[in-house]
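> pasted the sequence and its predicted model underneath.
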Amino acid sequence: MAADNRHRVYMSFMRRRGLYCQFLEPDLQTPLPPKLTFKSPDKIVELVDRGGGFKDLAARQAFDHGVQIGRGGLYLSLTDEQYAVLKSC
């Protein structure tokens, strides 16, 4: 079976009436359409899990620290299908 092509996408977040998330191409300058706000960090954890963002314990700890201080970001590794959905929002 062929390996999935993965698309690297940077997700940044900040506390703003919840946790506001935006997505950027790997150049960190080209925005992708969706801008999402979550009331709970648990929803972002779910999104990051599905997007392959927690590569190791250090990545998870960095994310948790970002939630505590109110801002942070990490790279997601999206499948072709996930990337297409993100671009079409």
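All right, it came through fine.
> ok, which stretches of the protein are helices?
41-50, 57-69, 80-88 (DSSP state H).
> list the buried residues of the shortest one.
So the one you mean is helix 80-88. 82-83, 86 (16 or more other C-beta atoms under 10 Å). For every residue, glycine as well, the C-beta is placed using N, CA and C.
> about what we covered before: of all the helices of the chain, which one is nearest Y20?
Comparing the helices of the chain by their distance to Y20 (C-beta to C-beta), the top pick is helix 41-50, with 10.3 Å.
> roughly how far out does the closest one sit from the chain middle?
8 Å (C-alpha atoms, centre = their mean, to the nearest Å).
> what is the orientation angle of it with helix 80-88?
130 degrees (axes from the mean of the first three to the mean of the last three C-alpha atoms, to 10 degrees).
> report the contact partners of the most centrally placed residue in the chain.
Nearest residue to the geometric centre of the chain (C-alpha atoms, centre = their mean): M11, 3.6 Å. By C-beta atoms under 8 Å, 6 or more residues apart in numbering, the residues touching M11 are 21-24, 47-48, 51, 53, 73-76.
> for L76, same thing?
So L76 contacts 8-11, 23, 48, 51-53 (C-beta under 8 Å, 6+ apart).
> so what's it bridging to?
Listed beta-bridge partners, L76: V9 (assigned using DSSP bridges).
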